[in-house]
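Chemist: sequence-free structure coming up:
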């Protein structure tokens, strides 16, 4: 057999190097390609079933450039209510727990609070009496505990409260009462190019303090109820001062308005848990193109709470009645979630 000339040797070397390179690149792609990784691990705390399947099918078709339902990345918007949707809301809204603790802590510094029946009821540990005045009493408690502070003072107050306070039933810190399946859904959507926003009836300044650490949602992607504020010098420093006057109430019909004013685009996905979110889901799904409305239905009395139609907090009546005709997905917490809170 004749020895190979140099040209043949060079060709064989080049072919071998090419094959090695292809294998290396393939291995690297499989290792780093998020699509491959995603097939192995995503929405881990969601049980297999219609809810998970519908969510993943919707996300896949809206992010597949070959699909007729493809949505460009800059138009992929997902909005989430907070109380009862991203974290628990029983036995009271957690922001109200903050208000109660703040009032008890600072009452001695504010003799003017003695004129408020709602505040006096709080100081006498009569929460039912404090809330007997309805929305007016609730608003008064919010004004007392949230206003006449600078933005920094309020943020520090909320951080301190979160670091020290515990849920009265579970004993968990309030910021650990977040739903693990929803954290996974937020991550899953962001991995597929969706921008995630909070649209909550809760206070915008309250949420902005901790939402990024808890949910990965930055302050500028939080929409919520707000007090009026002014810009002035406080203690030698120019600051924003919160004043006791309602600026915007981000609930029910206010949610589409808040989305329009803060986000400026109709969402692709809207997720809520109560009739206070009905208009947000309606606004989202009553639009051209693929849209998905989701209700989180609290059905797990053992691991969390079971409530809907008769609840004073998170009441869900119209949303349940109209979900089918509006083609909204109703997630059953007891059936669809393997885990409620993070371990």
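Modeler: Alright, I've got the coordinates. Being a predicted model, the structure only gives us computed values, none of them experimental. Numbering: from 1, shown residues only.

Chemist: residue ranges with poor pLDDT in this protein?
Modeler: Along the chain, the parts satisfying pLDDT under 70 run over 1-40.

Chemist: which residues of it fall in strands?
Modeler: Here the chain has its strands, by DSSP state E, at 77-80, 149-150, 195-203, 222-234, 237-248, 269-272, 292-297, 329-332.

Chemist: Adjacent strands (with direction) for the longest one?
Modeler: In this case it means strand 222-234. Its sheet considered, strand 222-234 pairs with strand 195-203 (parallel), strand 237-248 (antiparallel) by DSSP bridges.

Chemist: Next: the second one.
Modeler: Partner strands for strand 149-150, per DSSP bridges, with pairing direction: strand 237-248 (antiparallel).

Chemist: From the chain's centre, how far out is the partner strand? Work that out for me.
Modeler: 24 Å (C-alpha atoms, centre = their mean, to the nearest Å).

Chemist: Then stretch 93-112?
Modeler: So, by C-alpha atoms, centre = their mean, the centroid of stretch 93-112 is 25 Å from its chain's centroid.

Chemist: One more: stretch 159-166?
Modeler: Distance of stretch 159-166 from the chain centroid (C-alpha atoms, centre = their mean) equals 20 Å.

Chemist: cool, stretch 333-343 as well?
Modeler: Chain-centre distance of stretch 333-343: 16 Å, with C-alpha atoms, centre = their mean.

Chemist: what distance separates the start and the end of it?
Modeler: Counting by C-alpha to C-alpha, to the nearest Å, you get 17 Å between the two ends of stretch 333-343.

Chemist: just the helices in the stretch 151-300 of the chain please.
Modeler: Along the stretch 151-300 of the chain, counting by DSSP state H, counting those that start in this stretch, helices occupy 151-164, 180-191, 204-215, 254-262, 278-285.

Chemist: Same check on the stretch 1-150 of the chain?
Modeler: Applying DSSP H, counting those that start in this stretch to the stretch 1-150 of the chain gives helices spanning 6-32, 34-40, 50-63, 94-106, 117-123, 127-131, 134-146.
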